[in-house]
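Visitor: 3D, please:
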Amino acid sequence: MKNVKIVTIVAALLVVGSLGWFFFQKSQHSATVFSIRVPDSTIPNDYELAKTLTGRDVLKEENVVLSPVTIQGAGGGTVTMQALLANNIDVAGGSVAIWVNAVSKGAKVKLLLPGSVTEEPQHSGLLVLDDSNIHTIKDLTGKKIAVNVLGAEADFIIRAFLKQNGLTVNQVELVVVPAENQEQVLRTRQVDAIAWTTSGGTQFERTVEHGSVRRIPGTSSFETRGNLSLLTTCEGFSEKFIKDHPDAVRRYLRAVDGARHIVWKEYQKNPDRVRKVYADISKAKGGNPSLAKYYRGPRWSPENQFIADRDIQFWIDRFTEDGLLKAGQIKPSDIYTNDFNPQYKK
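Guide: Okay, here's the model as predicted:
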């Protein structure tokens, strides 16, 4: 009987010890801090805006820290993609077109979370000077158009709307000019039109406010995509990183999603306050705080929670038409998945 009691006590101690070890391991796992390498930027991000606006540190809540990496180059999504493929960064955002192009050439990358959507024409499009003789897309023949980088959104959008109007990219001259300098080269007549504005955003709003410019009908991403609200940008990782660090990916995306919802809601309530915070953060990061007046909140909305086939298929169709892809070579699911989206319910 005494031996039975001893065995029972020992068994109980083993159970308690096992439970203690289980909870210790669980605690250790949840306390793991994941460092994610991201492209460095002087533009305020949603994490910084959310923290300043509400005091919530969504990154800390998810035990994630960001490690900014300076990327050498002219800027733009193609440079960021190159950095991702070279394993210099862990996550990248950028034009859907760039990701489709990369995957079509064998890159093992995956889009996981939606970014910005097409801006309606009043907020996007190719801009020219008021006295320009360019009035329609067909008038672009022989003209110089400034793009921030070749092989990215503006470049591909130009190719698409030219083709829709019976023209080819060989009938215009694309000139690479950093986004922040495009208004200047337009006003000094070094180029005939600027294309960073085809997707809208700060440069479009600022250039229009300065006056003496007009947009060319049919040249916005929105119109080129059939007047549909489609995703223009998304965020993603390499497939290897997703496989090796799935928990880090989920935590990072929860932080991204949480921050965007915070900023979106705050902007709906008090846009001037959000712009003031945007300016303060921009100044602290060495950016241009004067651009805050053109900030219109996250170029995303709760209606665009997920990536859809149609966001991807538009570019697959364009690249197939241009001979850059073979028919059936890739499909939308090769480019993206919503499985890691914190809002996605299978």
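
Visitor: alpha carbons only for contacts and neighbour counts from here, please
Guide: Fine.

Visitor: got the phi/psi numbers for the nearest residue to residue 114 once chain neighbours are set aside?
Guide: Spatially, and ignoring its direct neighbours in sequence, residue 114 is nearest to residue 234 (4.4 Å; CA to CA, 6 or more residues apart in numbering). For residue 234, the backbone dihedrals (degrees, to the nearest 10) come out as phi -150, psi 170.

Visitor: kindly report the same for the one 3 residues further on.
Guide: In this entry, residue 237 is assigned phi and psi values of phi -130, psi 170 (degrees, to the nearest 10).

Visitor: is it true that it touches residue 107?
Guide: No - using CA atoms under 8 Å as the test, residue 237 is too far from residue 107 to be in contact (11.1 Å).

Visitor: looking at the two, which is more packed in?
Guide: residue 237 (22 against 15; other CA atoms under 10 Å).

Visitor: could you find the closest non-adjacent residue to that one?
Guide: residue 91 (4.8 Å).

Visitor: tell me which residues touch residue 95, please.
Guide: Counting by CA atoms under 8 Å, 6 or more residues apart in numbering, residue 95 makes contact with 77, 152-153, 232-234.

Visitor: adding neighbour count, write these out as JSON lines.
Guide: Shown next, in JSON lines, are these (neighbours: other CA atoms under 10 Å):
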{"residue": "77", "neighbour count": "24"}
{"residue": "152", "neighbour count": "21"}
{"residue": "153", "neighbour count": "27"}
{"residue": "232", "neighbour count": "23"}
{"residue": "233", "neighbour count": "25"}
{"residue": "234", "neighbour count": "22"}
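
Visitor: helices along the stretch 1-150 of the chain, start to end?
Guide: 2-30, 46-54, 58-61, 77-85, 96-104 (DSSP state H, counting those that start in this stretch).

Visitor: kindly list the single helix or strand of this structure that scores lowest on mean pLDDT.
Guide: Ranking every helix and strand in the chain by mean pLDDT, DSSP states H and E puts helix 2-30 at the bottom, with a mean of 40.

Visitor: how about low-confidence regions in the protein?
Guide: 1-31, 73-75, 346 (pLDDT under 70).

Visitor: domains in it, by residue range?
Guide: Annotated domains of the chain cover 34-117+230-335, 121-224 [automatic domain parsing].

Visitor: between these, which gets nearest to residue 345?
Guide: The minimum distance between residue 345 and the domains of the chain falls on domain 34-117+230-335, with 10.9 Å, by CA to CA.

Visitor: distance check, residue 253 against residue 71.
Guide: Distance from residue 253 to residue 71, counting by CA to CA, to the nearest Å: 22 Å.
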